[in-house]
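In: next come a sequence and a model predicted from it.
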Amino acid sequence: MNTDLNKDIVFPADFTFGTATSAYQIEGGWNADGKGPSIWDRFTRSRGKIDGDHNGEVACNTYHDFQTDINFMRDLGLGAYRFSISWPRIFPDGRGAVNQAGLDYYDRLVDALLAAGITPFVTLFHWDLPWALQSDIGGFGDRDCAYYFADYAELVASRLGDRVKHWITINEPWVYATLGHLLGIHAPGRRNPWTYLRVVHHQLLAHGLATLRLKGQDQEFQVGISLNLMPVHPVRDTKRDRAAAALGDQFFNRLYLDSLLYGIYPEPLWKKLRLFHPTVRPGDMQIISQPMDFMGVNYYTRVLFQNAWYVPFYKARPAVLPKPAKLEFSLNGTLFTQMGWEVYPAGIMELLCRLKQEYGNIPIYITENGAAYADKIVAGRVHDTNRQQYLEQHLRQIAAAVEAGVDVRGYFVWSLIDNFEWSFGYDKRFGLIHVDFQSQQRTIKDSGIWFRDLIRRQKGAGNSNAP
Ligand code: IFM
């Protein structure tokens, strides 16, 4: 079994190794060449929303220079690169007039990746909604937004589809809906349970509509969605906490898995939320649940749930961890990353086996996995052993899942480079490559060198590193 730490990790010959990023987190060039504002451009302008009042106006400057990072990717030996397209670069108002300069940018990026032998995986929506759609129609709170998204997806594919074959419609609809529309800590900063469930439903509808359009254009396209999934465990092994965890699982995972793969919203969660139900029109669930070519899994940690009689509707809540003195810490032998997230590699194996058992053996790409740590450059090096161990432990679990018959096709580290970590600004570093945000100087971290060597060894053993 691959979990033996003394043995090298071995993956199938056609397993793909890549890294992932997203437009707002790295590109900068927020108003360059006709780009319209996104909801993140607006949200980051409100003081106090983002740590240090940081924003993505410059970020990693990849809008003006992507070649530097592609050279790094080539040195790492990556087989694939997952990036997202900024919708307001293509449609400054979200719909209507097209900004050709935006399309040209992604055209050049795709060509440069292919010239370096790297397969592009394109995410169409990674949260940077055109501001005009938010202000005019209320964004994904309005059903029409799903249709505008499908138009945008179709246009992008008609330009890049001769070279891009792997498409991810939406990244982490749970995060976009929950943090942006229920908790108000992400753009567009809403706290409204009615809007929240409409945004869930309309994102899923948008995924279905875009999938139809893309497959209608080219049957060879591989189209999927990336979900942030996590095992939900009871705090105590009691009947009440187990019931709380089952509900938590519906909230985090099954709301998306059951609708996308079975065309239903899960009970009892859906019934408990009846006061807030969006309008689900006849045919919607069929559109949402049409076959997809792969499931993108973003995995970071698990969540613990407990019974809480005082929480309206749910009567359950995530366990509150003791507040650590510093964010990267160990509690009773359990490690936590700088985000305060428990390091729980066994969770990815649990999740993958569950997907196979409960949802059929759908092809899977791990479209994100990684950890933030407080990296320091010392004498030109970043000794991030903690990140290397995190990645290695998770890769071992994934290899074990593959051995157990789960159809995992590839793995993308989040992230290629340190970048703008949403409400946390630039202080949470997830990259294999360190970025000095003043000078834009890149420094490959020890974890990046380790990942490069792992890929080399796999290739030495006959791995093609290509999807
Ligand atoms: O940085 C994010 C990314 O945008 C979406 N998935 C989780 C990452 C780490 O928080």
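Out: Received it, and whenever you're ready, just let me know what you need.

In: distance check, the closest residue to the ligand within the stretch 201-350 of the chain against residue 348.
Out: Closest residue of the stretch 201-350 of the chain to the ligand, CB to the nearest ligand atom: residue 298 (5.3 Å). Any C-beta I mention is one placed from the backbone N, CA and C, and that applies to glycine too. Distance, residue 298 to residue 348, using CB to CB, to the nearest Å: 10 Å.

In: neighbour count for those two, which is higher?
Out: Legend: neighbour count by other CB atoms under 10 Å for residue 298 and residue 348, higher for residue 348 (28 against 22).

In: can you pull the buried residues of the helix or strand encompassing that one?
Out: Using DSSP states H and E, residue 348 maps to helix 346-359. Using 16 or more other CB atoms under 10 Å as the test for burial, helix 346-359 gives 347, 348, 349, 350, 351, 352, 354, 355, 356.

In: including pLDDT and distance to residue 221, could the residues you listed go into CSV?
Out: Output for those, formatted as CSV (pLDDT from 0 to 100; distance: CB to CB, whole Å):
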residue, pLDDT, distance to residue 221
347, 98, 31
348, 98, 27
349, 98, 30
350, 98, 31
351, 98, 26
352, 98, 24
354, 98, 27
355, 98, 22
356, 98, 24
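
In: quick one: name the residues of the protein near the ligand.
Out: With the criterion set to CB under 6 Å from any ligand atom, the chain comes near the ligand through 22, 25, 172, 298, 368, 414, 421, 430.

In: among those residues, which are in strands?
Out: 298, 368, 414 (DSSP state E).

In: these two touch, right, the second one and residue 414?
Out: By that I understand residue 368. Yes. Using CB atoms under 8 Å, residue 368 is in contact with residue 414, at 4.0 Å.

In: overlap in contacts of the two?
Out: 20, 298 (CB atoms under 8 Å, 6 or more residues apart in numbering).

In: which residues sit against stretch 306-315?
Out: Under CB under 8 Å, 6+ apart, the answer for stretch 306-315 is 234-236, 238, 240-241, 243-244, 247, 251, 272-273, 316-319.

In: quick one, which of these are buried?
Out: 234-235, 240-241, 243-244, 247, 251, 272-273, 316, 318-319.

In: can you name the two of the residues you listed that sit furthest apart?
Out: 235 and 273 (23.0 Å; CB to CB).

In: for residue 184, which non-adjacent residue is spatially closest?
Out: Nearest non-adjacent residue to residue 184, counting by CB to CB, 6 or more residues apart in numbering: residue 191, 4.2 Å away.

In: helix, strand, or coil at that neighbour?
Out: coil (DSSP: H, G, I helix; E, B strand; the rest coil).

In: switch to numbering from 45
Out: Sounds good: first residue 45 from here, last item residue 235.

In: pretty sure it is touching residue 224, no?
Out: No. The pair residue 235 and residue 224 does not pass the contact test of CB under 8 Å, sitting 9.7 Å apart.
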